[in-house]
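A.B. asks: From the sequence below, what's the structure:
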Amino acid sequence: MMSPWMILILSIPIVLADCRVDFNLPMVRPLGPDVVVIFGVKQHLDWATLDLAAEGAHAELVVEVISPGSQYIDTGLKLRGYFQVPSVMHYLVIDPERSLLIHHRRGEGDLLTTRITADGEVRLDPPGLTLALSDIFATA
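C.D. replies: Numbering: from 1, shown residues only. All right, here's what the predicted structure looks like:
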């Protein structure tokens, strides 16, 4: 039986940036999302590549910030790959040049919904976050 402390630790997400993540997809090398929110990590280490299966962890939210050189990969290949992972509920693609957020959300069965927005808020359930686009696209 798991202790209450371990249950608490496993329910607290970690947010990784610029860390390769092995989603354990067949024929797919580990990917390097700009940001990923992961649950179930027992001990935070300084990973070069985080292997989700080895950690017994799961990713719920993946974020990519597109650049002219990554747009095709971020909006095509990675979209398909991330949603092959059953635990990924949201894939956000941020286009800083056009101040757009593209929110792909897993629905019932194999349904995937996409919302493209430039203002307002985006609710991410799970894991229970609300993002204000004014914060994402704030100018210095």
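A.B. asks: Could I get the full set of helices for this protein?
C.D. replies: Under the criterion DSSP state H, helices of the chain are mapped to 4-11, 52-55, 71-72, 78-82, 133-136.
A.B. asks: Ile14 pairs with what?
C.D. replies: Ile38 (DSSP bridges).
A.B. asks: pLDDT below threshold where in the protein?
C.D. replies: Low-confidence segments of the chain (pLDDT under 70): 1-11, 139-140.
A.B. asks: what residue lies at the spatial centre of this protein?
C.D. replies: Val62 (1.2 Å; C-alpha atoms, centre = their mean).
A.B. asks: residues making contact with stretch 16-34?
C.D. replies: Residues outside stretch 16-34 that contact it (C-beta atoms under 8 Å, 6 or more residues apart in numbering): 35-36, 38, 47-54, 59, 62-65, 78, 81-82, 84-85. Yep, even glycine has a C-beta here, placed from its N, CA and C like the rest.
A.B. asks: can we see that at 6 Å?
C.D. replies: 35-36, 47, 49-51, 53, 62-65, 81, 84-85 (C-beta atoms under 6 Å, 6 or more residues apart in numbering).
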